[in-house]
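Asker: Fold the following.
(one chain, ligands or ions: 2)
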Amino acid sequence: MTSPTDLSLVEDDDAQARFDELVAHEQRIEPRDWMPEAYRKTLIRQISQHAHSEIIGMQPEGNWITRAPSLKRKAILMAKVQDEAGHGLYLYSAAQTLGITRDTMTQQLIDGKAKYSSIFNYPTPTWADMGAIGWLVDGAAIVNQVPLCRASYGPYGRAMVRICKEESFHQRQGFEILLQLMQGTDEQREMAQDAVNRWYWPSLAMFGPPDDESPNSAQSMKWKIKRFSNDALRQRFVGMLVPQAEILGITLPDPELRYNEETGAYDMGEIDWDEFYEVLRGNGPCNAERIERRRTAHEEGAWVREAAAEYARKQALRAKEVA
Ligand SMILES: [Fe+2]
Ligand SMILES: [Fe+2]
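Answerer: Ligands and ions are numbered 1, 2, ... in the order given. Predicted coordinates for the structure are as follows:
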């Protein structure tokens, strides 16, 4: 005799087999499809962290909008920071399809319980930081995110396609800021080099810990969320930077960096993982400031949310009256 419990097990087995087949055949998993609980949880964690990173990432650059050196630079920077807000919104929407609310995610962020990319906890003391962030941080983001366009979860992959197009504009505008500074005075060249010195190592750390210390990577690759290992992506990024640094006339601040003909890869110096984990734990130079700013913005925006909800309520009421 079959009990109801047995039946649901049979159903789960079938569902699991369908899921495995979709993933194996490079088909997309959509919100309507059954998915393993661990897959759903992994995606919620990854997509919400990604969304938070886009939103918090607006702050280090937002810092320079009022002080941009020209009207043209101001317009470009404003557009860039606004793009990051859009990225956050696409990603929050993608995460919502997995059964978590936007309110919950926002609360986790402002309560300091959610993670976001550590790199946004560093300060932006000079205009050259806008160049270094665009070139290095958005550059690392592209290398990380292009493979995510093929992520097995449909809403995530589709959000990434649009985001990547905008990220390549971000990277170019950063490169162009640095290029102009490098063609300027000695002081401007020093400012550009100093900014690259400060952002280079944290941008390499954006790819996450080395492969042998990245326990969740294998499962994510099996699920085809992740396509390449952290170290492989880091190599690809450095390979992209080296010729661009040459054009800029900027030195990448790693004396051990050189192309190894035998391995066909770049040898590089050791990333300071202690610092990385320290910033991740909340002890970076700007962690507290970033969260506080986000919390204040959320509180100050309460009236907008209330007004929008009230408007929606009235519209729904009117629609009912007409019907
Ligand atoms: Fe972005
Ligand atoms: Fe960006």
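
Asker: going forward, measure contacts between C-alpha atoms and count neighbours the same way
Answerer: OK.

Asker: Nearest residue to the middle of the chain?
Answerer: Ranked by distance to the mean C-alpha position of the chain (Cα atoms, centre = their mean), the top residue is His50 at 4.4 Å.

Asker: Find the residue closest to Ile250 in space, skipping its chain neighbours.
Answerer: Ranked by Cα to Cα, 6 or more residues apart in numbering and with sequence neighbours excluded, the top spatial neighbour of Ile250 is Gln193, at 6.2 Å.

Asker: Now do the helix or strand that contains that neighbour: which elements does it pack against?
Answerer: For Gln193, the host element (DSSP states H and E) is helix 186-205. Judged by 3 or more Cα pairs under 8 Å, 6 or more residues apart in numbering; DSSP states H and E, the packing partners of helix 186-205 are helix 128-132, helix 154-182, helix 273-278.

Asker: Can you tell me which residues in this protein are near ligand 2?
Answerer: 138, 167 (Cα under 5 Å from the ion).

Asker: ok, which stretches of the chain are helices?
Answerer: 4-24, 37-56, 58-62, 71-96, 102-110, 128-132, 139-145, 154-182, 186-205, 217-222, 230-248, 273-278, 287-300, 302-322 (DSSP state H).

Asker: Mean pLDDT added to the ones you listed, as TSV?
Answerer: Listed next are those as TSV, based on pLDDT from 0 to 100:
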stretch	mean pLDDT
helix 4-24	76
helix 37-56	97
helix 58-62	97
helix 71-96	97
helix 102-110	96
helix 128-132	98
helix 139-145	96
helix 154-182	96
helix 186-205	98
helix 217-222	90
helix 230-248	97
helix 273-278	92
helix 287-300	96
helix 302-322	95
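
Asker: Most tightly packed of the ones you listed?
Answerer: With neighbours taken as mean count of other Cα atoms under 10 Å, the helices of the chain reach their highest mean count in helix 128-132, at a mean of 26.

Asker: quick one: contacts of that one?
Answerer: Helix 128-132 has contacts (Cα atoms under 8 Å, 6 or more residues apart in numbering) with 61, 64, 124, 173-178, 181, 191-192, 195-196, 199.

Asker: ok so, going back, ok, which of the helices of the chain comes nearest Ser117?
Answerer: Ser117 lies closest to helix 37-56 among the helices of the chain, at 5.3 Å (Cα to Cα).

Asker: show me the contacts for the residue of the stretch 1-150 of the chain found nearest ligand 2.
Answerer: Of all residues in the stretch 1-150 of the chain, Asp138 sits closest to ligand 2, at 4.8 Å by Cα to the ion. Asp138 is in contact with 167-168, 170-171, counting by Cα under 8 Å, 6+ apart.

Asker: swap in Arg290?
Answerer: Contacts of Arg290 by Cα under 8 Å, 6+ apart are 56, 59, 121.

Asker: Columns distance to Arg290 on top of those residues, output as JSON lines?
Answerer: Output for these, formatted as JSON lines (distance: Cα to Cα, whole Å):
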{"residue": "Ile56", "distance to Arg290": "7"}
{"residue": "Gln59", "distance to Arg290": "7"}
{"residue": "Asn121", "distance to Arg290": "7"}
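
Asker: ok, the residues you listed vs Trp223, which is closest?
Answerer: Closest to Trp223, out of all of the contacts of Arg290 and judged by Cα to Cα, is Ile56, at 28.1 Å.

Asker: From Ile119, how far out is the closest one?
Answerer: Using Cα to Cα, to the nearest Å, we find Ile56 at a distance of 10 Å from Ile119.

Asker: so Ala159 makes contact with Ser93?
Answerer: No: applying Cα atoms under 8 Å, one finds Ala159 not in contact with Ser93, separated by 9.1 Å.

Asker: where does Pro215 land on pLDDT?
Answerer: With respect to pLDDT, Pro215 scores 79.
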